[in-house]
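Visitor: After the sequence you'll find the predicted model.
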Amino acid sequence: MLWIFYVFNECMYCCFVVCSQIEEVAISPPGSEVFVLAGSAFQFTCACVSSCKTPQFRWTRATTDSDGMLTKNSTLKFSSVRIEDAGRYTCDAKCDDSSEKEKKLKTVKMTVYAFSQPVLVMPSIWTENVACDVTCSVDAFDHVDRVHISWYLGSDLLKNETQQTLDAANVSDTLTLTALRDHTGKNLTCEVKADMRNNSKQVSYCLDIHYAPKINISASSSGMEEEEVVMSCRSNGHPTPTIEWERKGEVWPKNLHRHAQGNVTGRLHRSNQGVYQCVAKNVVSEAKEEMKLEVQYGPENTSIQSFSLQAISFGVQLNLTCLSDMYPKAKQYIWTRIPDMALPKEAVVTNSHLIIDNFQEHHQGIYECRVIHHSGNTERAFYTASVQGTI
């Protein structure tokens with residue numbers, strides 16, 4: 001006796017052919033009752049133990065219409081299973097030359113179970129470090145005793161729940177998730193499986209986590225008048241924040257130009273001195289950062305002023321003050337006398353002040369004040385101290 005073994009790997013069935021007759025019919029997937037999810041694609045495959053080279057197959061279903069024949073192929077296919085497709089299906093097989101009495105048959109019951117596509121209810125905006133509740137709900141059950149609800153963040157399982165569906169119009173489960181910045185771009189998925197059967201339905205949402213702006217200012221806090229200035233403000237908030245520069249308590253100066261992406265450029269003027277503020281805003285919140293801008297200038301318009309209330313005469317006090325327009329204050333004042341460049345020993349110098357209490361003839365001369373600024377700039381002024389008619 002010759003045996004030939006056929007393997008039907010796609011349909012998961014085996015066919016054994018024996019000499020000249022069909023001995024047995026098998027249906028795949030196996031079992032007397034098969035559960036199928038409504039809406040899914042599905043197929044039954046019929047095979048036989050036979051020596052028949054060209055067996056004939058026929059699928060039928062008990063029906064009031066004609067003989068209930070569905071197809072003469074070995075495979076019965078459903079592109080999308082419906083609730084009304086539930087029932088008993090029979091496959092019979094025979095050889096070309098055999099009679100109807102010699103055919104073999106097998107019957108399987110298809111039970112169609114159904115539940116709705118799960119729905120997610122969640123906040124419209126996810127904010128960093130805020131705990132949010134997300135609810136997954138499913139309804140419209142048919143032939144489903146229990147559902148298994150699984151939550152995933154990316155590929156990581158967060159939670160598993162099993163719930164009874166008997167006499168329930170709706171089943172839902174709530175997940176509390178604290179949003180983190182690195183959750184952005186990951187899928188939050190709710191998967192619903194009926195009574196541990198293989199078919200499942202799922203719904204996913206790609207997380208987009210919002211977080212507050214954080215400001216970083218890059219700028220020099222001081223500069224010389226007429227120098228070019230660049231002030232830059234950056235923020236890493238999400239969604240991308242708007243960035244604006246303001247002058248605190250004052251109108252924005254016309255010589256400083258505000259650009260997109262938080263940049264300020266211009267040529268400094270002494271009137272620009274003050275407190276500036278960068279403001280970044282998005283839907284989460286706003287952030288502010290201040291900087292004080294100092295504009296250095298001078299010395300200029302330097303002069304020497306005498307604070308004596310009367311004309312210089314011998315025996316009176318000579319009180320001189322060196323005045324100059326500048327910011328910040330002078331680094332140093334240097335007093336000298338022309339032409340010998342030496343101050344009288346009686347002269348008392350304190351920064352911008354020079355005082356001689358008892359002015360005498362040998363005190364006469366041209367006094368020079370040299371102002372040295374922190375920037376290194378200098379300017380000079382002169383004052384002639386003499387008793388009228390002597391020089």
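Guide: Looks like it came in fine.
Visitor: gap between stretch 102-110 and the chain center?
Guide: 59 Å (C-alpha atoms, centre = their mean, to the nearest Å).
Visitor: Let's see it as PDB, backbone CA atoms only.
Guide: Output of stretch 102-110 as PDB, limited to C-alpha atoms (Å, rounded to 0.1, in the frame of the first residue of the first chain):
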ATOM      1  CA  GLU A 102     -19.400   7.400  -0.900                       C
ATOM      2  CA  LYS A 103     -18.700  11.000   0.000                       C
ATOM      3  CA  LYS A 104     -17.500  11.900   3.400                       C
ATOM      4  CA  LEU A 105     -18.400  15.100   5.300                       C
ATOM      5  CA  LYS A 106     -17.500  17.200   8.400                       C
ATOM      6  CA  THR A 107     -19.500  19.900  10.200                       C
ATOM      7  CA  VAL A 108     -18.300  22.800  12.200                       C
ATOM      8  CA  LYS A 109     -20.100  25.500  14.100                       C
ATOM      9  CA  MET A 110     -19.000  29.100  13.700                       C
END
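Visitor: what comes up buried for it?
Guide: Using 16 or more other C-beta atoms under 10 Å as the test for burial, stretch 102-110 gives Lys103, Lys104, Lys106, Val108, Met110. Quick note: C-beta positions are derived from backbone N, CA and C, even for glycine.
Visitor: ok, Glu286 - contacts?
Guide: Pro213, Pro241, Val279, Ala280 (C-beta atoms under 8 Å, 6 or more residues apart in numbering).
Visitor: for Thr240, helix, strand, or coil?
Guide: coil (DSSP: H, G, I helix; E, B strand; the rest coil).
Visitor: quick one: it from Gly262, how far?
Guide: Between Thr240 and Gly262 the distance is 11 Å, computed by C-beta to C-beta, to the nearest Å.
Visitor: for Thr336, same thing?
Guide: From Thr336 to Gly262 the distance is 50 Å (C-beta to C-beta).
Visitor: what does Ser306 give?
Guide: In terms of C-beta to C-beta, Ser306 sits 52 Å off from Gly262.
Visitor: who's more crowded, Thr240 and Gly262?
Guide: Gly262 (23 against 11; other C-beta atoms under 10 Å).
Visitor: And that one, how close does it get to Gly274?
Guide: 19 Å.
Visitor: give me the element the residue lying closest to Asn73 once chain neighbours are set aside is part of.
Guide: Leaving aside its sequence neighbours, Asn73 sits nearest to Phe57 (C-beta to C-beta, 6 or more residues apart in numbering; 6.4 Å). Per DSSP states H and E, Phe57 falls inside strand 56-61.
Visitor: Quick one: mean pLDDT for the host helix or strand of Lys288?
Guide: Assigned by DSSP H and E, Lys288 belongs to strand 286-306. For strand 286-306, mean pLDDT is 96.
Visitor: now swap in stretch 364-382 and tell me
Guide: 95.
Visitor: so how far is that stretch off the chain centroid?
Guide: 59 Å.
Visitor: Could you do stretch 124-138 as well?
Guide: 16 Å.
Visitor: Let me see the mean pLDDT of that stretch.
Guide: 95.
Visitor: With stretch 50-62 instead?
Guide: 84.
Visitor: just stretch 268-283 next, same as before
Guide: For stretch 268-283, the per-residue pLDDT averages 96.
Visitor: Give me the distance between the two termini of that stretch.
Guide: 35 Å (C-alpha to C-alpha, to the nearest Å).
Visitor: Show me how far it is from its chain's centre.
Guide: 27 Å.
Visitor: Give me the buried positions along it.
Guide: Residues of stretch 268-283 classed as buried: Leu268, His269, Asn272, Gln273, Tyr276, Gln277, Cys278, Val279, Ala280, Lys281, Asn282 (neighbour count, 16+ other C-beta under 10 Å).
Visitor: Which pair in those residues has the greatest spatial separation?
Guide: Spanning the widest gap among the buried residues of stretch 268-283 are His269 and Asn282, at 33.4 Å by C-beta to C-beta.
Visitor: could you say which helix or strand contains the nearest residue to Leu157 once chain neighbours are set aside?
Guide: Of all residues not flanking Leu157 in the chain, Ser150 sits nearest, at 6.5 Å (C-beta to C-beta, 6+ apart). Assigned by DSSP H and E, Ser150 belongs to strand 146-153.
Visitor: Strands along the stretch 251-391 of the chain, start to end?
Guide: 256-258, 263-267, 274-281, 286-306, 318-327, 332-338, 348-350, 353-356, 365-372, 378-385 (DSSP state E, counting those that start in this stretch).
Visitor: Serialize those strands to CSV and add fields for distance to Val25.
Guide: CSV is the format used below for these (distance: least, C-beta to C-beta, whole Å):
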stretch, distance to Val25
strand 256-258, 84
strand 263-267, 81
strand 274-281, 73
strand 286-306, 75
strand 318-327, 104
strand 332-338, 113
strand 348-350, 121
strand 353-356, 122
strand 365-372, 112
strand 378-385, 113
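Visitor: Which ones among the buried residues of stretch 102-110 lie within strands?
Guide: Lys104, Lys106, Val108, Met110 (DSSP state E).
Visitor: still on that earlier bit, partners of the strand holding Ser150 in the sheet?
Guide: strand 156-164 (antiparallel), strand 187-194 (antiparallel) (DSSP bridges).
Visitor: ok, and for that strand, which residues are buried?
Guide: Neighbour counts over strand 146-153 (16+ other C-beta under 10 Å) mark Val147, His148, Ile149, Ser150, Trp151, Tyr152, Leu153 as buried.
Visitor: now that strand, how far from the centre of its chain.
Guide: On C-alpha atoms, centre = their mean, the centre of strand 146-153 falls 27 Å from that of its chain.
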